[in-house]
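**Q** I'll drop the sequence and a predicted model, then ask my questions.
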Amino acid sequence: MENMLNSINLLIHILAAVFCVAAPFYQLRWVKRRGKLGKQLIYSFDRVMESVLNMQVKLCFVLINILILTGIAFPIIYYSFHGEWRDVTKIALVVFYAKAGLALIGLAINTHSVFLLNPVIQETFASFTPDEQPPDELLSRFWKLRAQRKMTCQLCFVLALIIVTITPLLRFYK
């Protein structure tokens, strides 16, 4: 039973990690491609982009929470079957805490994006129409907000890469 629970938890954890790393990777590719088209609003393209990016930020929020919960579940599963915490090396403990800390930083960044930054971007975009270019000051504000979102996405991508890079240490230094 313990092996089955660990396997299910590991499957969920790995899938969430893959999607969590892929999400900012592809989001950054979209943003980079859009940047090559200039600062003029291309309403239909930007509308699709905002629709995708709006959902992506929320999806990342869910995935980071899944990663944190499944990460915590590993030692809890062990404890529930053995009545004690697994004896681990100091390296494994440091890596576990580093991963947890980095995940919490990613969650804080993503929470800011989901609940503060993204609604302002969506509200700003909602004021645009397909028929005419928005005033320069509104368009400038929109691009600044998008640049902020791009920066948070880049930071989350780096955090995810660091987490994925240090994770194998947990397997080698139990």
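**A** Yep, that arrived.

**Q** contacting residues for the residue most central in space within the chain?
**A** Nearest residue to the geometric centre of the chain (Cα atoms, centre = their mean): Cys60, 4.0 Å. Applying Cβ atoms under 8 Å, 6 or more residues apart in numbering to Cys60 gives the contacts Cys20, Ala23, Pro24, Asn110, Cys156. Glycine gets a C-beta too; all of them are placed from N, C-alpha and C.

**Q** Scan those residues and report the most crowded one.
**A** Among these, the one with the most neighbours (other Cβ atoms under 10 Å) is Asn110, at 28 neighbours.

**Q** doesn't Ile64 make contact with that one?
**A** Yes - using Cβ atoms under 8 Å, Asn110 is in contact with Ile64, at 5.7 Å.

**Q** returning to what we had before: can I get the contacts of Cys60 in TSV with secondary structure and pLDDT?
**A** Formatted as TSV, the contacts of Cys60 follow (DSSP: H, G, I helix; E, B strand; the rest coil; pLDDT from 0 to 100):
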residue	secondary structure	pLDDT
Cys20	helix	91
Ala23	helix	90
Pro24	helix	91
Asn110	helix	95
Cys156	helix	93
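
**Q** Grab the nearest non-local neighbour of Ile12.
**A** Thr70 (5.2 Å; Cβ to Cβ, 6 or more residues apart in numbering).

**Q** that older thread, tell me the buried residues in the host helix or strand of the residue nearest to the centre of the chain?
**A** Using DSSP states H and E, Cys60 sits in helix 43-82. Using 16 or more other Cβ atoms under 10 Å as the test for burial, helix 43-82 gives 43, 46, 49-50, 53-54, 56-57, 60-61, 63-64, 66-68, 70-71, 73-74, 77-78.
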